[in-house]
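J.: Here's a sequence, model it:
(2 chains)
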Amino acid sequence: MIPTISAYTRQEMMAIATGREIRDGELAIFGVGLSMLAGFFAQAHHAPNLRAMTEGGVYGSTPVGGLPWGIECNRISTNATSFTSGLDALGCLVGSGRCDVGIIGAAQVDKYGNVNTTGIWDGEIGEAFRAPKTRLTGAGGANDIACGAKRFLIMVAHEKKRFVEQVTYISSPGYLEGGNARARYGFAGGGPSAIVTTLGVLRPDAESKEFELDGWFAFSSIEEILANTGWPLKVSAHARVVPEPTAAELAHLRKVDETGALRRQ
Amino acid sequence: MPQPKLLSLAEAVRRYSWDGMQYASGAALPIGSDAVVFGRELLRQKRKNLHAIFHCNSQQLNLLAGAGAATKAECGFTGLEVFGFANGLRRAVETGELVLEDYSNLAMPLRLLGGALNWPFVPATVNIGSDLQDRSAFAPDEFPAKSKIATVTDPFSGRQIGAFRPLKPDLAAIHVTLADPLGNSIMLGTEWSRFELSRAAKRVVIVADAIVDEACIRQFPNLVRIPEIVVEAVVYWPFAAWPQSSPGMYDVDEEHMRAMNAALATSEGTRDYVRTFVESYRDIDGYLDMIGGDRLALLRKTRTAFLLDPYRKWIMPAAEIASMQADAETK
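T.: Numbers count the residues shown, from 1 in each chain, chains lettered A, B, ... in the order given. Next up, the predicted model:
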């Protein structure tokens, strides 16, 4: 069966495109929600030897009964081989530099892959710190993944208000001001390798670390992506359409996404 | 010989909490093992100006913040995972009623570990280089902030790194699955940062879903990550984490998680919630009636129930616990 555009959702395409970034045998850490679905999809479909964990210190398990409500949820605790702690997962396995890949989300992301999940301010914060107009969920484990994982993927809905020239608050560092700015801090991790959105895939330029459009989805276009990005997005010379989900990919994703979280439009 | 430390919830809150204290809990994640019922009792006893140390927000902090009882907080994560933003905490932050200092989910256990070991600071290789380091809600005029995550030189490499401030909360209310009457505790599921918190806090009150005979503890000493020597008191309270989950015991109450969070979005809703779900019960039986027998039965049908099997034969009946508690309270 060749799926048609209407046969899968944008969210499902985003999860599959993210999952394709994960390689077999890697040590990987997933956050709650979409990133967990993308990660466990990869494990089910093409990375059977993936060593998956959540920052909750829940190891060796897969979701049972649908999308877990949290990274410690009973839905991810029914078939675990080890329960440890946050210090172990985020410290010994991620902050140490041991983890190969992590997946995080974003409320706002900028052209150097810096992520804001802390709050939305009216304008700049200014010299003196003030509470945001809209408070969001904070950094969680994403900052630790962004600092420590060898590489990480950012999953985010492609909307102009989310894709900004410069985030108001850096909750989790991407390439900071670009180039080799991360080297100032000696992070164990290498930085974001891709931003996967509901419209396409962005990757950083090797030197400047500015994110460029690398691929658009079959239902999207370069024009739509440029119109929904808040900075003048460069289009890579190699940019091309991202292959649609195969029937096998969709089947595996939907088995992981038993409660249909990604199918709600 | 150590003596049983069973105490009623009300008495534990009376003895070990006070206005303005640094109060820690939530050393579990936002939908899991947290001593949510301890927070309800703090509200019933009108505690205020609490400085909350919560590794992650939970419905407990959401409630304490929404009801105005907590005015300062330090957290690594402030949402409710798939249940979305924590409306009570969010409202308190946006209106300025609560000042929230942000860290990450690794920073908080490292700070607790630093307190537990009595270290002067903890070297930081995360949180540096971001606004978690540069912005401080507790010292808003410092930019970039110097007193939150200070910069120090690694004496071995000469590299600039961060320094986390250790935490030693006045009190930690820690939810566990099983405890014996002395306070030896077993946690099913991830312990998140309850180990570090139990050593960092000046006092620890254990809130257990079930009390087991000491023989259970002697059968599984490797699993006892919180030994009685660091425990001040043990509170028996079934469904203590409700509406959150307790692996092996009960699932998350999805409907109440949503309803509670919706109520906490406004001050009127919060008043109603407190009247109906905080001030309404007199004892454990009244609390369980409030949740409702049908719902309790549904929540108990967790797929993780098998995790509890090795321990079931040692679970003590409520009447026996009540009698031990009465003895312990008079001492």
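J.: Which residue, neighbours along the chain excluded, lies closest to residue 104?
T.: The chain I'm using is chain A. Once flanking residues are discounted, A:I104 sits nearest to A:A142: 4.1 Å by Cβ to Cβ, 6 or more residues apart in numbering or on different chains. From N, CA and C alone the C-beta is placed, and that goes for glycine too.
J.: hm, I was asking about chain B
T.: Once flanking residues are discounted, B:S104 sits nearest to A:N143: 3.9 Å by Cβ to Cβ, 6+ apart.
J.: so who does the residue nearest to A:I104 touch?
T.: A:G31, A:I104, A:G105, A:V115, A:T117, A:S171, A:S172, B:S104 (Cβ atoms under 8 Å, 6 or more residues apart in numbering or on different chains).
J.: run the last query once more with 7 Å
T.: Residues near A:A142 by Cβ atoms under 7 Å, 6 or more residues apart in numbering or on different chains: A:G31, A:I104, A:V115, A:T117, A:S171, A:S172.
J.: Out of those residues, name the two that are farthest from one another.
T.: Maximum pairwise distance among the contacts of A:A142 (Cβ to Cβ): 12.7 Å, between A:G31 and A:S171.
J.: Over to whichever residue of chain A sits closest to chain B. Which of the three states is it?
T.: Residue of chain A nearest chain B, by Cβ to the nearest Cβ: A:T137 (3.1 Å). Classification of A:T137 by DSSP: H, G, I helix; E, B strand; the rest coil places it in coil.
J.: name the element B:D34 belongs to?
T.: Using DSSP states H and E, B:D34 sits within no helix or strand.
J.: May I ask you to confirm that it is in contact with B:N57?
T.: No - using Cβ atoms under 7 Å, B:D34 is not in contact with B:N57; the gap is 9.6 Å.
J.: Now for the two: what residues contact both?
T.: Here B:D34 and B:N57 have B:G26 as joint contacts, going by Cβ under 7 Å, 6+ apart.
J.: Give me the most central residue, chain A.
T.: A:I154 (2.9 Å; Cα atoms, centre = their mean).
J.: got the contact list for the residue nearest to B:S104?
T.: Taking Cβ under 7 Å, 6+ apart, one finds A:S171, A:S172, B:S104, B:V126, B:N127, B:S130, B:L132 in contact with A:N143.
J.: One more pass at 10 Å, please.
T.: A:N143 makes contacts with A:90, A:104, A:115, A:117-118, A:170-173, B:76, B:102-107, B:126-133, as judged by Cβ atoms under 10 Å, 6 or more residues apart in numbering or on different chains.
J.: Tell me the pLDDT of it.
T.: Per-residue pLDDT puts A:N143 at 98.
J.: give me the element it is part of.
T.: Short version, using DSSP H and E: A:N143 is in helix A:142-148.
J.: Off-centre distance for the very next helix or strand once past that helix?
T.: The helix or strand immediately downstream of helix A:142-148 is strand A:151-156, counting by DSSP H and E. Relative to its chain's centre, strand A:151-156 lies at 3 Å (Cα atoms, centre = their mean, to the nearest Å).
J.: just stretch A:12-20 next, same as before
T.: Counting by Cα atoms, centre = their mean, stretch A:12-20 comes out at 10 Å from the chain centroid.
J.: Is the residue of chain B found nearest chain A bridged to anything, and to what?
T.: In chain B, the residue that lies nearest chain A is B:G79 (3.1 Å; Cβ to the nearest Cβ). Per DSSP bridges, the residues bridged to B:G79 are B:F85.
J.: That one contacts A:V32, correct?
T.: Yes - using Cβ atoms under 10 Å, B:G79 makes contact with A:V32 at a distance of 8.8 Å.
J.: which of the contacts of A:A142 tops the neighbour count?
T.: Ranked by the number of neighbours (other Cβ atoms under 10 Å in any protein chain shown), the contacts of A:A142 place A:S172 first, at 33 neighbours.
J.: so the residue nearest to A:I125 when sequence neighbours are not counted is in which element?
T.: Leaving aside its sequence neighbours, A:I125 sits nearest to A:T168 (Cβ to Cβ, 6+ apart; 6.2 Å). Remark: A:T168 resides in no helix or strand, with elements defined by DSSP H and E.
J.: Any idea how many residues pack against A:T168?
T.: A:T168 has 18 neighbouring residues, counting by other Cβ under 10 Å.
J.: likewise A:E159?
T.: Residues contacting A:E159 under the criterion other Cβ under 10 Å number 14.
J.: cool, and A:G200?
T.: By the criterion of other Cβ under 10 Å, A:G200 has 26 neighbours.
J.: Quickly note the distance from it to A:P243.
T.: Taking Cβ to Cβ, to the nearest Å as the measure, A:G200 falls 12 Å from A:P243.
J.: before we move on, what about B:S17?
T.: Separation of B:S17 from A:P243 (Cβ to Cβ): 59 Å.
J.: Give me the more crowded residue out of those two.
T.: Neighbour count, other Cβ under 10 Å: between B:S17 and A:P243, B:S17 has more, with 20 against 13.
J.: Helices of the stretch 151-300 of chain B, start to end?
T.: B:194-200, B:214-219, B:254-263, B:267-277, B:284-291, B:293-300 (DSSP state H, counting those that start in this stretch).
J.: Do any residues in the fourth one lie close to chain A?
T.: No - contact between helix B:267-277 and chain A is absent, the nearest approach being 16.3 Å (criterion: Cβ under 10 Å from any Cβ of the partner chain).
J.: what's that helix packed up against?
T.: When contacts are defined as 3 or more Cβ pairs under 10 Å, 6 or more residues apart in numbering or on different chains; DSSP states H and E, helix B:267-277 sits against helix B:36-44, helix B:59-66, helix B:87-94, helix B:254-263, helix B:284-291.
J.: Most tightly packed of those?
T.: Most buried of the helices and strands packed on helix B:267-277, by mean neighbour count (mean count of other Cβ atoms under 10 Å in any protein chain shown): helix B:59-66, with a mean of 30.
J.: for chain B, where's the lowest mean pLDDT among helices and strands?
T.: Among the helical and strand segments of chain B, the one scoring lowest on mean pLDDT, DSSP states H and E is helix B:318-330, with a mean of 91.
J.: buried set for that helix?
T.: Neighbour counts over helix B:318-330 (16 or more other Cβ atoms under 10 Å in any protein chain shown) mark B:I321, B:M324, B:Q325, B:A328 as buried.
J.: who's in contact with the second one?
T.: When the contact criterion is Cβ under 10 Å, 6+ apart, the partners of B:M324 are B:P4, B:K5, B:L6, B:P181, B:I211, B:V234, B:Y236, B:M316.
J.: low pLDDT regions in chain A?
T.: A:1-6, A:265 (pLDDT under 70).
J.: for the longest helix that it contains, packing partners?
T.: Longest among the helix segments of chain A by residue count, using DSSP state H, is helix A:34-45. Applying 3+ Cβ pairs under 10 Å, 6+ apart, we find helix A:34-45 packed against helix A:10-19, strand A:27-30, strand A:51-54, strand A:101-105, strand A:151-156, strand A:192-197, helix A:247-256.
J.: Now do that helix against strand A:192-197, angle only.
T.: Relative orientation of helix A:34-45 versus strand A:192-197 (axes from the mean of the first three to the mean of the last three Cα atoms, to 10 degrees): 100 degrees.
J.: Next, the angle from helix A:34-45 to strand A:151-156.
T.: Using the same axes, to 10 degrees: helix A:34-45 against strand A:151-156 is 120 degrees.
J.: Give me the distance from helix A:34-45 to the chain's centre.
T.: Helix A:34-45 has its C-alpha centroid displaced from the chain centroid by 11 Å (Cα atoms, centre = their mean).
J.: Output the set of residues of the stretch 151-265 of chain A in proximity to chain B.
T.: A:167-174, A:176, A:181-182, A:184-189, A:261.
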